[in-house]
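Engineer: fold the following and give me the result.
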Amino acid sequence: MRTKIHSTPPLSGGYDLRPLQNIDIEGVTRGSVGVVRIGAGTRSPSEGLRCNAEHEIAYLVQGQVRVDTEEGSRIVNAGDVIVASPAERHATTALVDATIVYVLLHRGSDGNYPVG
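Structural biologist: The predicted structure is shown next:
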């Protein structure tokens, strides 16, 4: 599974800065940031797998989801960070109501990434 899930580590001191992962963003021309809320039992997309951008970074604010890729499935819990790159097809299923903050980094002037 190329998608990486970074679990939230325990706090170590009053200010604990931990770099999680470096990513190569060469060719990225545009980004978008947003919040998605997914109700328990909802799968996105409803069938198959999809990719939204060249790179996707997401923080699970609350809830629990399952991320499925062509290589397998992982459970993601509130506080975890998801890094999907490059353009890995995936699906997300909310196991309970979930809120995700995401950053999509796109190639191309229109911000669209061709879904394969």
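
Engineer: report the buried residues of stretch 59-78.
Structural biologist: Across stretch 59-78, burial judged by 16 or more other Cβ atoms under 10 Å covers 59, 60, 63, 64, 65, 67, 68, 69, 74, 76, 78. Quick note: C-beta positions are derived from backbone N, CA and C, even for glycine.

Engineer: who's in contact with residue 39?
Structural biologist: Residues near residue 39 by Cβ atoms under 8 Å, 6 or more residues apart in numbering: 94, 97.

Engineer: measure it to residue 99 for me?
Structural biologist: 11 Å (Cβ to Cβ, to the nearest Å).

Engineer: cool, and residue 70?
Structural biologist: Residue 70 is 26 Å from residue 99, by Cβ to Cβ.

Engineer: okay, now the sheet partners of the lowest-mean-pLDDT helix or strand in the chain, with direction.
Structural biologist: The helix or strand of the chain with the poorest confidence is strand 4-6; it has a mean of 84 (mean pLDDT, DSSP states H and E). Paired strands of strand 4-6, with direction, are strand 81-84 (antiparallel) (DSSP bridges).
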